[in-house]
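1. Sequence plus the predicted model coming up.
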Amino acid sequence: MLIRGESYETVYDTFKWQIPERYNIGLDICDRQADLGHGTALIFESEKGSVDRYSFSQLKDLSNRFANALKAVGISTGDRVGILLPQCPETAVAHIAVYKIGGVAVPLFTLFGPDALSYRLDNSGARCLITNRDSLGKILEIREQLPQLEQIFVTDGEAHDVAVNFWDALRKGSARFDPIPTRAEDPALIIYTSGTTGPPKGALHAHRTLLGHLPGVEFPHNFFPRENDLFWTPADWAWIGGLIDVLFPAWHHGIPVLAYRARKFDPEYAFHLSAKHQIRNAFLPPTALKMMRQVERPRKRHRFNFRSIASAGEALGAELLQWGREAMGVTINEFYGQTEVNLVVANCAEILPVKPGSMGRAIPGHRVEIVNDQGEVMPPGQTGNIAIKRPDPVMFLEYWKNPQATRDKFIGDWSLTGDWGKKDEQGYFWFVGRQDDLITSSGYRIGPGEIEDCLIRHPAVALAAVIGKPDPLRTEIVKAFIVLKQAKSASDALRLEIQEYVRTRLAAHEYPREIDFVEELPMTATGKIIRKTLREREG
């Protein structure tokens, strides 16, 4: 746990990792908390508005029962278990049980189609799947393609010839279970990348990854936890941002988590939910923040009381930071990481001045630098690869069944993120862009993030994405795709106005020479803009 200090340097220099040889995520986030007498673990609000509460003791009982149910159908140490569920109690119970038996959890997003599910279940070799009635139909479509998938549990609906009812199986299982004594280095879960730069890769993480995540949660949430903290995120628990940036770290500290995942994010309801449950800590992706920014006078109509809000996935700019202070009452702390090596750079407004546009500084416990293609650390101010040095407990073990991709991820002991960035004299990191997203125009190297930040400051712009479009004269030109705010209409005059807006605020070589007004932008399930799709449209 981070020890608060008067300065960032003090906190960073005094931090020491404490990784035991034997460690199990399930025992840490559930059984240990129950044995310590911690109370509420989960507050579950359904889309219909009903609210159920689960204690750590209840989760211990339920996960023991399901661990016995898994063992009864032959699932054991090392077996992969797919979990295709939204934010709900069954998701949490399934995860804890899988870790207790020494299995490997494979979180899966409920909005995946049959092809996406088939790829991940086949690639991981999952022998078992827990899902619900809404997703079962997609699984039945691909069932014959998955001969290794031996057992399906369904959390609602009647059992039939291909699926066993989850709750029936729990009731038959004993509440006593002897967990497998896993090592901290043993595999615990496979989380698939979003696949924005190629086929999704399965990042295999050890049990220690939760311990590696802890300072990265405590730091941007202003020294989490504190009395009366309560955590929530709209990010699905199928992704690392929802699962190991929120749910597991909160439970490691005995802090309750709110589970609520609507089929579609409603920014007005997000404020209502925050006030109703007095949410104190939230992870809100930039897309959610941009949507919430459209809500008028939220503090006048909702009595929320945030203590910390953190955001990651796309760079925040000065506009969103200022809005956060005015509308949310807090300074939003941006953080940075990726599925393979998560939560390694962040802001902490309590002890660090936040520089608009910067991701912050290296989180205590992590060595992060800008390196060149030979793995040499670059001087401040120069653009290069954002890289993290191993060993590091948050770092993935390998890409599942992909040794070449694992080797390509490293230069010596530096894990390359695939992102370009720079570091200033004070140690703040600045995101320039994905290597594939970098724009080369008239000899300039241009990152899309700064231009997108400038665009959304324009009063007519709701969302924006920027790419490089091939051009015979300039190599590439800057092209913008813009979603306008409601009641704003596209026109040539508005296009020229926006171009001039960027030209006068950034630089002549950075303004978008072309602008397309669109109804929506292609997004990953985690709310990141898929610029690759936009580039493909432009040839």
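-> Structure received.

2. host element of Ile386?
-> Element membership for Ile386 (DSSP states H and E) is strand 384-389.

3. Likewise for Gln58?
-> helix 56-72.

4. Return the list of helices and strands in contact with that helix.
-> helix 32-35, strand 40-45, helix 89-100, helix 166-172 (3 or more C-beta pairs under 8 Å, 6 or more residues apart in numbering; DSSP states H and E). Every residue, glycine included, has its C-beta placed from N, CA and C.

5. Next, format these as JSON lines and append mean neighbour count and mean pLDDT.
-> What follows is the helices and strands packed on helix 56-72, written out as JSON lines (neighbours: other C-beta atoms under 10 Å; pLDDT from 0 to 100):
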{"stretch": "helix 32-35", "mean neighbour count": "18", "mean pLDDT": "98"}
{"stretch": "strand 40-45", "mean neighbour count": "20", "mean pLDDT": "98"}
{"stretch": "helix 89-100", "mean neighbour count": "28", "mean pLDDT": "98"}
{"stretch": "helix 166-172", "mean neighbour count": "17", "mean pLDDT": "94"}
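
6. Those: which one's closest to Leu2?
-> Taking C-beta to C-beta, helix 32-35 is the member of those nearest to Leu2, at 19.4 Å.

7. what sits up against the strand holding Ile386?
-> By C-beta atoms under 8 Å, 6 or more residues apart in numbering, the surrounding residues in contact with strand 384-389 are 336, 341, 344, 366-373, 375, 378, 395, 411, 413-422, 429, 431, 435.

8. just how off-centre is that strand within its chain?
-> The gap between where strand 384-389 is centred and where its chain is centred comes out at 19 Å by C-alpha atoms, centre = their mean, to the nearest Å.

9. The spatially closest residue to Arg505 that is not a sequence neighbour: what's it in contact with?
-> Of all residues not flanking Arg505 in the chain, Cys454 sits nearest, at 5.4 Å (C-beta to C-beta, 6 or more residues apart in numbering). Listed by C-beta under 8 Å, 6+ apart, the contact set of Cys454 reads Gly317, Tyr501, Val502, Arg505, Leu506.

10. switch to 6 Å and redo it
-> Contact partners of Cys454, counting by C-beta atoms under 6 Å, 6 or more residues apart in numbering, are Val502, Arg505, Leu506.

11. In three-state terms, label the closest residue to Phe481 other than its chain neighbours for me.
-> Of all residues beyond its chain neighbours, the one nearest Phe481 is Ala465 (4.7 Å), with distances taken as C-beta to C-beta, 6+ apart. The three-state label given to Ala465 by DSSP: H, G, I helix; E, B strand; the rest coil is strand.

12. Quick one: the strands in the stretch 301-450 of the chain, in order.
-> Counting by DSSP state E, counting those that start in this stretch, the stretch 301-450 of the chain has strands at residues 308-311, 333-336, 345-346, 358-362, 368-371, 384-389, 398-399, 410-411, 414-423, 429-434, 439-441, 444-446.

13. same thing with the stretch 51-200 of the chain?
-> Under DSSP E, counting those that start in this stretch, the stretch 51-200 of the chain gives strands at 51-55, 80-84, 104-108, 128-131, 151-154, 164-165, 187-192.

14. Please identify which of the strands of the stretch 301-450 of the chain is closest to Ala480.
-> Using C-beta to C-beta, the strands of the stretch 301-450 of the chain put strand 439-441 closest to Ala480, at 11.2 Å.

15. Tell me which strands the closest one pairs with, and in which orientation.
-> Paired with strand 439-441 in the same sheet, following DSSP bridges, are strand 444-446 (antiparallel).

16. ok so, going back, tell me which strands the strand holding Ile386 pairs with, and in which orientation.
-> strand 368-371 (antiparallel), strand 414-423 (antiparallel).

17. Quick one: mean pLDDT for that strand?
-> Averaged over strand 384-389, pLDDT sits at 97.

18. Number of residues surrounding the closest residue to Pro298 other than its chain neighbours?
-> Counting by C-beta to C-beta, 6+ apart, Phe271 is the residue found nearest to Pro298 once chain neighbours are left out, at 4.8 Å. Using other C-beta atoms under 10 Å, Phe271 has 20 neighbouring residues.

19. that's a strand at Gly242, yeah?
-> No: under three-state DSSP, Gly242 falls outside any strand and is assigned helix.

20. list the contacts for it?
-> With C-beta under 6 Å, 6+ apart, Gly242 has these contacts: Thr233, Ala235, Asp236.

21. With pLDDT, distance to Val330 and neighbour count added, can I get those in CSV?
-> Listed next are the contacts of Gly242 as CSV, based on pLDDT from 0 to 100; distance: C-beta to C-beta, whole Å; neighbours: other C-beta atoms under 10 Å:
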residue, pLDDT, distance to Val330, neighbour count
Thr233, 96, 15, 28
Ala235, 90, 18, 26
Asp236, 91, 24, 21
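
22. And these, which is closest to Val354?
-> Nearest to Val354 among those, with distances taken as C-beta to C-beta, is Thr233, at 20.6 Å.

23. That closest one: what's it in contact with?
-> Residues counted as contacts of Thr233 (C-beta under 6 Å, 6+ apart) are Gly242, Val246, Phe283.

24. Three-state assignment for the second one, please.
-> This points to Val246. Put simply, Val246 is helix when judged by three-state DSSP.

25. Just list the residues touching the closest residue in space to Arg261 that isn't next to it in sequence, thanks.
-> What sits nearest to Arg261 in space, not counting adjacent residues and going by C-beta to C-beta, 6+ apart, is Gln87, at 3.8 Å. Residues near Gln87 by C-beta under 6 Å, 6+ apart: Trp237, Ala259, Arg261.

26. And the pLDDT for Gln87?
-> At Gln87, pLDDT is 96.

27. What distance do you get for it to Tyr260?
-> Noted for Gln87: a distance of 6 Å to Tyr260, by C-beta to C-beta, to the nearest Å.

28. Check the burial of Val295 by counting its neighbours.
-> 16.

29. contacting residues around it?
-> Pro267, Glu268 are the contacts of Val295 under C-beta under 6 Å, 6+ apart.

30. Tell me which of the contacts of Thr233 has the lowest pLDDT.
-> At the low end of pLDDT for the contacts of Thr233 is Gly242, which has 94.

31. Quick check: nearest residue in space to that residue, chain neighbours excluded?
-> Ala235 is the one closest to Gly242 (C-beta to C-beta, 6+ apart), at 3.7 Å.

32. looking at it, the one you found is touching Gly241, isn't it?
-> Yes: when contacts are counted by C-beta atoms under 6 Å, Ala235 is listed as touching Gly241 (4.3 Å).

33. Could you say which helix or strand holds the nearest residue to Gln18 once chain neighbours are set aside?
-> Spatial nearest neighbour of Gln18, chain neighbours left out: Leu211 (7.8 Å); criterion: C-beta to C-beta, 6+ apart. Taking DSSP H and E as the definition, Leu211 sits inside helix 209-218.

34. what separates that helix from the chain centre, distance-wise?
-> The answer for helix 209-218 is 13 Å, by C-alpha atoms, centre = their mean.

35. After that helix, which helix or strand is next?
-> Defined by DSSP H and E, the subsequent element after helix 209-218 is strand 231-232.

36. Which of the contacts of Gln87 has the largest number of neighbours?
-> Most surrounded of those: other C-beta under 10 Å gives Trp237, at 26 neighbours.
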